[in-house]
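Visitor: This is a predicted model, with the sequence first.
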Amino acid sequence: MKLKPADRNAFEKMVPGAITGPGFLGDDARPPEEIIAEDEQEFARLGLDFETVADALEALRAAGERGLGEPVTEGRLLVQTGDARGMLPCPWGDGLHHKNAVSVRPVELAEAACVEGEDMLVFSDLSIHLLRAHHFCQGRGSPFRLEPELIERLLGGRLR
């Protein structure tokens with residue numbers, strides 16, 4: 001992947017404290033361009049499409065919003081949304097996105113038994129944009145990492 005100046009600038013903004021406290025890379029030691037390339041390969045291996053996944057996440061967010069902060073059952077998933085005041089910019093500088101957090105987990109898992117990143121997907125409006133526009137799932141260990149295998153496990157039936 002040949003880096004463009006816009007990519008270099010965006011990657012500099014992904015570190016902790018630049019846009020968000022924890023940043024976008026988590027504890028992942030890979031450079032962002034490698035994270036993107038490997039996640040694109042993983043999406044292809046799993047038969048996932050970035051647009052389709054982003055659409056499914058938007059639909060789940062909308063379903064969760066109907067609960068006004070309380071969990072909502074959506075098929076075999078439990079969806080909960082939370083809002084915060086303000087906006088977050090995309091590191092690539094192509095938009096501002098509402099601060100929010102959406103959690104999705106299987107209905108059969110009690111909240112106490114659910115392990116974020118293993119059983120529960122957490123994302124935001126910015127996460128959806130990063131996925132759709134830049135194929136960026138965020139680094140491993142990031143609070144909003146969109147792990148391809150977890151997406152397939154939780155949303156697989158909604159993506160076909």
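Guide: Looks like it arrived, so ask away. Numbering: from 1, shown residues only.
Visitor: Can you list the helices and strands that the strand ranked longest in the chain packs against?
Guide: When the chain is parsed with DSSP state E, its longest strand is strand 77-89. With contacts taken as 3 or more CB pairs under 8 Å, 6 or more residues apart in numbering; DSSP states H and E, strand 77-89 sits against helix 50-65, strand 72-74, strand 96-106. Placement of C-beta: from N, CA and C, glycine included.
Visitor: Could you rerun that using 7 Å?
Guide: helix 50-65, strand 96-106 (3 or more CB pairs under 7 Å, 6 or more residues apart in numbering; DSSP states H and E).
Visitor: Paired strands for that strand, with orientation please.
Guide: strand 72-74 (antiparallel), strand 96-106 (antiparallel) (DSSP bridges).
Visitor: which secondary structure elements does the helix or strand following the longest one contact?
Guide: Proceeding C-terminally, strand 96-106 gives way to strand 121-123 as the next helix or strand, assigned by DSSP states H and E. Strand 121-123 makes packing contacts with strand 96-106, helix 148-155 when contacts are defined by 3+ CB pairs under 7 Å, 6+ apart.
Visitor: What's the mean pLDDT across strand 121-123?
Guide: Confidence over strand 121-123 (mean pLDDT, whole number) is 95.
Visitor: Let's see whichever helix or strand comes after it as PDB, backbone CA atoms only.
Guide: Following strand 121-123 in sequence order, the next helix or strand is helix 125-134 (DSSP H and E). Below are the C-alpha coordinates for helix 125-134, written out as PDB (Å, rounded to 0.1, in the frame of the first residue of the first chain):
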ATOM      1  CA  ASP A 125     -21.000   6.400  14.100                       C
ATOM      2  CA  LEU A 126     -17.300   7.200  13.500                       C
ATOM      3  CA  SER A 127     -16.500   3.500  13.500                       C
ATOM      4  CA  ILE A 128     -19.100   2.900  10.700                       C
ATOM      5  CA  HIS A 129     -17.600   5.800   8.700                       C
ATOM      6  CA  LEU A 130     -14.100   4.500   9.100                       C
ATOM      7  CA  LEU A 131     -15.200   1.000   8.000                       C
ATOM      8  CA  ARG A 132     -17.200   2.200   5.000                       C
ATOM      9  CA  ALA A 133     -14.900   5.000   3.700                       C
ATOM     10  CA  HIS A 134     -11.500   3.800   4.700                       C
END
